[in-house]
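Undergrad: Attaching a predicted model along with its sequence, questions to come.
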Amino acid sequence: MTAEEVKVQSLSLNGATNEEDVVTPWSVESKNDTGVDYEKLIQRFGSSKIDDELLLRFEKITSKKPHQFLRRGIFFSHRDMHTVLNLYEQGKPFYLYTGRGPSSESMHMGHLVPFLFCKWLQDVFNVPLVIQLTDDEKAIWKNLKLEDAIKMSYNNAKDIIACGFNLDKTFIFSDLEHIGNNPAFYQNMIRIQRSVTFNQVKGIFGFGDSDPVGKISFPPTQAAPAFSSSFPFIFKNAKVQCLIPCAIDQDPYFRMSRDVAPKLGFPKPALLHSSFFPALQGSKTKMSASDSNTAIFLTDTAKQIKNKVNKHAFSGGQATVEEHRQLGGNCDIDISYQWLRFFLEDDEKLEQIRKGYSSGEILTGELKKHLIDILQPMVLAHQERRSKITDDIVKQFMVPRDLGFRTNK
């Protein structure tokens, strides 16, 4: 085996964490009721577990209690987060980068996870954030008209802005509109393209000979924002560390980016990986924007939310009330409980619900009501904020501009 083949093999995702789990940027499936085995995924991907030591250090350095996503292992894996904390401790800069592939007019609850977390990180660290809308990717993969893909970008941008991002620290961009007006971004794409072989791209992403050439050339587009020189209007000529919070199915793009970074003279981007937000039907797959019954959309009414949870949320309860009282429910597979892990902020209340459901004291219907009571006001509040996001506000976030970045605090 040649050195290059070894490197390709070490980068390769192309399918499974074991014989059952399939995790790629486009497909997530598990035959286990509890979902993907994240411990095995960490081993396969070669990342590091977010452990108690990292959480304690995070709290010590920031003087902030770790976000519930961190406390509960929803963000469970990382690459070089200690490096980022070292920089913050030393008063040196870094920036955040995350993205969204706009494949529908409305986002769902699962799409909110990285943005809620990025909003919190932005507030804690007071750093710039760039948000990439990969409408070019969706135009290629879903064969969308470019105009429709751009329209979805703008609609999704309103949902993203409604999370409360700081305009003075946040730049949102559509690939289809921005790259043609930013030579530095396109030049970095070319630098990355010539640093990755065709064999590597096939090995990492599993592309085949019949795939459109656009798919094969896209990964450098998603990699480019991980290098600060792609945004000279923000970072000037500084080579700044990047931190990328994302779902772990996006990791192949950034393993490629980390492999390329030394060749371009940039620090390897650090990552924080989240687990998948499960579909209402169970943890064997993630939510899909193309199947409305698997998801709670940010446009859903209170009645739709109630009906979807009651009708479709997979239950970990027993077949009868008597059996449930005797045996209790299984929180590991119950979707209402799994969703509460994401969105119920009160740790003590979540633990009371877990104990009550596991013991049989709380029935499935009661557990679903707990979730409905969290989701309905959360979605309504989001809708109210979004209704105030005008086209002009979106344009303000999308204007290339100085975000007040300084190399020293």
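TA: Here it is on my side, so go on.

Undergrad: can you list the domains in the protein?
TA: Using automatic domain parsing, the domain parsing of the chain gives 3-279, 291-387.

Undergrad: how much distance is there from the last one to the middle of the chain?
TA: So that's domain 291-387. Between the centre of domain 291-387 and the centre of its chain there are 22 Å (CA atoms, centre = their mean, to the nearest Å).

Undergrad: How about stretch 112-130?
TA: That offset, for stretch 112-130, works out to 12 Å (CA atoms, centre = their mean).

Undergrad: buried residues in it?
TA: Within stretch 112-130, the residues that count as buried by 16 or more other CB atoms under 10 Å are 112-122, 124-125, 127-130. Placement of C-beta: from N, CA and C, glycine included.

Undergrad: Need the CA coordinates for that stretch. CSV is fine.
TA: Taking C-alpha atoms only, stretch 112-130 is exported to CSV below (Å, rounded to 0.1, in the frame of the first residue of the first chain):
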residue,chain,number,x,y,z
LEU,A,112,-31.8,25.0,14.9
VAL,A,113,-29.3,23.0,17.0
PRO,A,114,-26.0,24.2,15.6
PHE,A,115,-27.3,27.8,15.4
LEU,A,116,-28.6,27.9,19.0
PHE,A,117,-25.2,26.6,20.1
CYS,A,118,-23.2,29.0,17.9
LYS,A,119,-25.3,31.9,19.3
TRP,A,120,-24.3,30.8,22.8
LEU,A,121,-20.6,30.4,21.8
GLN,A,122,-20.6,33.8,20.1
ASP,A,123,-22.0,35.4,23.3
VAL,A,124,-19.6,33.6,25.6
PHE,A,125,-16.4,34.3,23.6
ASN,A,126,-17.4,37.5,21.8
VAL,A,127,-16.0,36.4,18.5
PRO,A,128,-16.9,36.8,14.8
LEU,A,129,-19.1,34.2,13.2
VAL,A,130,-19.4,33.3,9.5
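
Undergrad: State the phi and psi torsions of the residue nearest the centre of the chain.
TA: The chain has Cys246 as the residue nearest its centroid, 3.2 Å off, counting by CA atoms, centre = their mean. Phi and psi for Cys246, reported as degrees, to the nearest 10, are phi -160, psi 160.

Undergrad: Just list the residues touching it, thanks.
TA: Thr98, Gly99, Pro114, Phe254, Leu271, Leu272, His273, Ser274 (CB atoms under 8 Å, 6 or more residues apart in numbering).

Undergrad: Which one (most neighbours) among those residues?
TA: Counting neighbours by other CB atoms under 10 Å, the top entry in the contacts of Cys246 is Leu271, with 29 neighbours.

Undergrad: secondary structure element for that one?
TA: strand 270-274 (DSSP states H and E).

Undergrad: mind checking how far that strand is from the chain centre?
TA: Using CA atoms, centre = their mean, the offset of strand 270-274 from its chain centre is 9 Å.

Undergrad: packing partners for that strand?
TA: Packing partners of strand 270-274 (3 or more CB pairs under 8 Å, 6 or more residues apart in numbering; DSSP states H and E): strand 75-79, helix 81-89, helix 109-125, strand 241-247, helix 251-264.

Undergrad: can you give me the helices for the stretch 101-250 of the chain?
TA: Counting by DSSP state H, counting those that start in this stretch, one finds helices in the stretch 101-250 of the chain at the ranges 109-125, 135-141, 146-161, 175-178, 183-193, 198-205, 213-217, 219-223, 232-235.

Undergrad: Need the winner for burial among those helices.
TA: The highest average neighbour count among the helices of the stretch 101-250 of the chain, using mean count of other CB atoms under 10 Å, belongs to helix 219-223 at a mean of 24.

Undergrad: export it as CSV, just CAs?
TA: Output of helix 219-223 as CSV, limited to C-alpha atoms (Å, rounded to 0.1, in the frame of the first residue of the first chain):
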residue,chain,number,x,y,z
PRO,A,219,-15.9,20.0,-1.0
PRO,A,220,-13.3,22.8,-1.3
THR,A,221,-16.2,25.3,-1.3
GLN,A,222,-17.3,24.1,2.1
ALA,A,223,-13.7,24.0,3.3
